[in-house]
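1. A predicted structure for the sequence below; I have some questions about it.
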Amino acid sequence: MQIIKYLTLILILSSTTYIGILISKKYLNRVKDLKEMKNALNMFSTKIKFTYEPIPQTFKEISQKTKPNISNIFKNVCEKMNTGNVGKAWEEALEESNTNMTKEDIEVLKNLSNLLGKVDIEGQVNEVELVENFLDTQIELAEEEKQKYVKMYKTLGVTIGLAVVIILI
């Protein structure tokens, strides 16, 4: 009977610790997603500036070169461009995306849809650079949140688990 009790206590402690780690990973992954999106936008800017490739082809190439969360956004834009314009497809793909970015991050990225595919190459490059500047700010904020909350949630998970274990002993 004692073995079952101790196994249950160990299970409780490891569960709360795991939950704390999962919550803290959200902050780590947000920073990674924002940096990856910035790299993808940089690729987009470079491609349209120097290769003059059409946007669908550029987005397809970017989707093949980026990590899965960001890659899915660009894939969705390519699929949605067949039925509508680029700006609307960009907004819809961002709304449907399954990333660790916050609503504020997504709103910053939606700003790109205003001129995407509607102005000349120079205008699009300028718009991408503007969004990249906003992303820099979001990355800094995400880094600050990561510094604050990652350790806190990990510690909180262990502490809550220990408190429950102590109460149950």
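-> Received the coordinates, thanks.
2. what's the helix or strand of the chain with the lowest mean pLDDT packed up against?
-> In the chain, no helix or strand scores lower on mean pLDDT, DSSP states H and E than helix 86-96, which sits at a mean of 84. Helices and strands in packing contact with helix 86-96 are listed as helix 68-81, helix 103-110; criterion 3 or more Cβ pairs under 8 Å, 6 or more residues apart in numbering; DSSP states H and E. Backbone N, C-alpha and C define where each C-beta goes, glycine included.
3. rerun that using 10 Å as the cut-off
-> Helix 86-96 makes packing contacts with helix 55-65, helix 68-81, helix 103-110 when contacts are defined by 3 or more Cβ pairs under 10 Å, 6 or more residues apart in numbering; DSSP states H and E.
4. what's in contact with stretch 162-169?
-> Residues outside stretch 162-169 that contact it (Cβ atoms under 10 Å, 6 or more residues apart in numbering) are Lys5, Tyr6, Thr8, Leu9, Ile10, Ile12, Leu13, Ser15, Thr16, Thr17.
5. Quick check: which ranges of this protein have low pLDDT?
-> By pLDDT under 70, the low-scoring segments of the chain are 83-84, 115, 117-119.
6. show me what contacts the residue nearest to Phe59 when sequence neighbours are not counted?
-> With Cβ to Cβ, 6 or more residues apart in numbering as the measure, Phe74 is the residue that lies nearest to Phe59, at 4.6 Å, once sequence neighbours are left out. If a contact means Cβ under 10 Å, 6+ apart, then Phe74 has 37, 40, 43-44, 58-66, 90, 93 as its contacts.
7. Kindly recompute the last result at 7 Å.
-> With contacts defined as Cβ atoms under 7 Å, 6 or more residues apart in numbering, the neighbours of Phe74 are Ala40, Phe59, Ile62, Ser63, Thr66.
8. so the last one makes contact with Ala40?
-> Going back to what we said before, that points to Thr66. Yes. Assessed by Cβ atoms under 7 Å, Thr66 is found in contact with Ala40 at 5.0 Å.
9. before we move on, the earlier item: would you mark the buried spots in the least confident helix or strand of the chain?
-> Across helix 86-96, burial judged by 16 or more other Cβ atoms under 10 Å covers Val86, Gly87, Lys88, Ala89, Trp90, Glu91, Glu92, Ala93, Leu94.
10. can you tell me how far the fifth one sits from Thr99?
-> Between Trp90 and Thr99 the computed distance is 14 Å (Cβ to Cβ, to the nearest Å).
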